[in-house]
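Visitor: sequence unknown, structure follows:
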Ligand SMILES: O=C(O)CCC(=O)C(=O)O
Ligand SMILES: [Fe+2]
């Protein structure tokens with residue numbers, strides 16, 4: 001995935017992006033690793049299509065025709081887009097706002113307090129990071145809080161399985177979801193006077209099976225679709241944005257797509273997003289589901305790998321190396 005990096009000089013370790021903003025020297029932070037978003041990027045025009053909207057109430061409808069139409073839309077969204085917005089999901093708007101406000105309070109704590117949780121160990125139960133967050137060359141205009149969750153586990157897997165033509169609880173059983181991976185991530189992107197020179201999160205795919213995202217209504221998420229960067233325009237009432245992640249592309253033998261996405265910063269307002277990332281049990285070896293392999297028509301598309309190993313490898317970025325998901329891909333000649 002191409003991002004235009006004008007200078008690879010590492011940025012000085014920032015206090016925190018929020019502290020830098022308050023000390024009114026934000027430009028100094030980003031100048032040393034400038035990302036020019038528009039130079040080579042193919043940005044979709046405002047009039048182009050937007051990501052699919054899936055009505056959760058229809059997915060669970062007692063009317064078999066409406067349910068089957070909704071499942072068909074879900075499978076189209078996962079195969080063609082890798083992203084969709086979920087409406088009528090039943091999560092109260094007040095709860096989503098409370099989560100965002102609670103995270104806002106955390107990011108407004110003193111740097112000393114937040115730094116108590118600073119860690120680069122991806123398996124740490126609570127982890128606070130700021131700025132470059134372990135990436136060696138590119139500074140990011142973001143603070144993050146990550147919390148590894150314990151059960152009860154809430155991965156919405158039945159509908160995914162059904163939309164792939166698998167038995168209802170196939171993913172739950174195959175991936176041991178009862179004790180699977182669940183990571184809460186809060187992203188805080190303070191406003192930045194020259195947003196075209198900063199990056200919230202550079203292009204990436206997510207590691208797990210599925211990711212759900214809520215936000216504070218400020219735009220900034222972009223996804224790759226047919227070679228272009230497409231702006232995700234949140235609907236007026238808070239909704240969840242769901243995306244397919246790497247393990248689901250592997251498990252579905254390449255049928256569902258884990259697509260690149262990135263988070264931009266805003267020139268005048270703080271953007272926040274809260275993400276729940278769901279994955280299999282740590283030691284699960286994830287490969288294409290045998291039911292989705294057809295040696296003639298659809299041979300295995302990925303080599304299997306233990307989820308924990310995949311996660312660890314994903315952190316060790318080697319300059320110029322292809323994305324990890326592509327490294328796992330089996331090329332047919
Ligand atoms: O903030 C966003 O919109 C995207 C966040 C994201 O992609 C992530 O945390 O993996
Ligand atoms: Fe992501």
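Guide: Received, thanks. Every value quoted in this text rests on a predicted model; they were computed, and no experiment measured them. Ligands and ions are numbered 1, 2, ... in the order given.
Visitor: Skipping its backbone neighbours, what lies nearest the residue in the stretch 101-250 of the chain positioned nearest to ligand 1 in space?
Guide: Nearest to ligand 1 in the stretch 101-250 of the chain, going by C-beta to the nearest ligand atom, is residue 221, at a distance of 3.5 Å. Every residue, glycine included, has its C-beta placed from N, CA and C. In space, and not counting its chain neighbours, residue 221 is closest to residue 232: 4.4 Å by C-beta to C-beta, 6 or more residues apart in numbering.
Visitor: now swap in residue 248 and tell me
Guide: Spatially, and ignoring its direct neighbours in sequence, residue 248 is nearest to residue 209 (4.5 Å; C-beta to C-beta, 6+ apart).
Visitor: Wait, that neighbour touches residue 251, no?
Guide: Yes: Residue 209 lies in contact with residue 251 (C-beta atoms under 8 Å); the separation is 7.2 Å.
Visitor: so where do the helices sit in the stretch 151-300 of the chain?
Guide: Secondary structure of the stretch 151-300 of the chain (DSSP state H, counting those that start in this stretch): helices at 158-163, 170-174, 246-251.
Visitor: Worst mean pLDDT among those helices?
Guide: Looking at the helices of the stretch 151-300 of the chain, the lowest mean pLDDT belongs to helix 158-163 (a mean of 78).
Visitor: residues making contact with that helix?
Guide: Outside helix 158-163, the residues within contact range by C-beta atoms under 8 Å, 6 or more residues apart in numbering are 59, 71-72, 74-75, 78, 167-172, 210, 248, 256.
Visitor: which pair in these spans the largest distance?
Guide: The span of the contacts of helix 158-163, defined through C-beta to C-beta, is set by 72 and 172 at 22.0 Å.
Visitor: Those two: which has the busier surroundings?
Guide: Legend: neighbour count by other C-beta atoms under 10 Å for residue 72 and residue 172, higher for residue 172 (16 against 11).
Visitor: So which bits of the stretch 1-150 of the chain are right by ligand 1?
Guide: Nowhere does the stretch 1-150 of the chain come near ligand 1, counting by C-beta under 6 Å from any ligand atom.
Visitor: and residue 145, that's in a strand?
Guide: Yes: counting by DSSP: H, G, I helix; E, B strand; the rest coil, residue 145 falls inside a strand.
Visitor: Run through the chain and note the low-pLDDT ranges.
Guide: 1-41, 43-48, 132-139, 151-156, 236-238, 333 (pLDDT under 70).
Visitor: Nearest residue to the middle of it?
Guide: residue 206 (4.7 Å; C-alpha atoms, centre = their mean).
Visitor: these two touch, right, that residue and residue 247?
Guide: No: using C-beta under 8 Å, residue 206 makes no contact with residue 247, being 9.1 Å away.
Visitor: could you say what helices and strands the helix or strand residue 102 falls within packs with?
Guide: Assessed by DSSP states H and E, residue 102 sits inside helix 93-107. Contact partners of helix 93-107 among helices and strands, from 3 or more C-beta pairs under 8 Å, 6 or more residues apart in numbering; DSSP states H and E: strand 143-148, strand 181-189, strand 210-215, strand 271-279.
Visitor: Show residues contacting the third one.
Guide: By C-beta under 8 Å, 6+ apart, the list of residues contacting strand 210-215 from outside reads 86, 96, 99-100, 155-157, 160, 221, 234, 238-245, 248, 271-278.
Visitor: coming back round to it: pipe the helices of the stretch 151-300 of the chain into JSON lines and attach distance to residue 108 per row.
Guide: Output for those, formatted as JSON lines (distance: least, C-beta to C-beta, whole Å):
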{"stretch": "helix 158-163", "distance to residue 108": "37"}
{"stretch": "helix 170-174", "distance to residue 108": "38"}
{"stretch": "helix 246-251", "distance to residue 108": "33"}
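Visitor: Residue 184: which of those is closest?
Guide: So among these, helix 246-251 is nearest, using C-beta to C-beta, at 18.0 Å.
Visitor: in that closest one, what's buried?
Guide: 246, 247, 248, 249, 250, 251 (16 or more other C-beta atoms under 10 Å).
Visitor: Briefly note if it comes near ligand 1.
Guide: No: under the criterion of C-beta under 6 Å from any ligand atom, ligand 1 is not reached by helix 246-251; the shortest gap measures 11.7 Å.
Visitor: Appreciated, that's everything.
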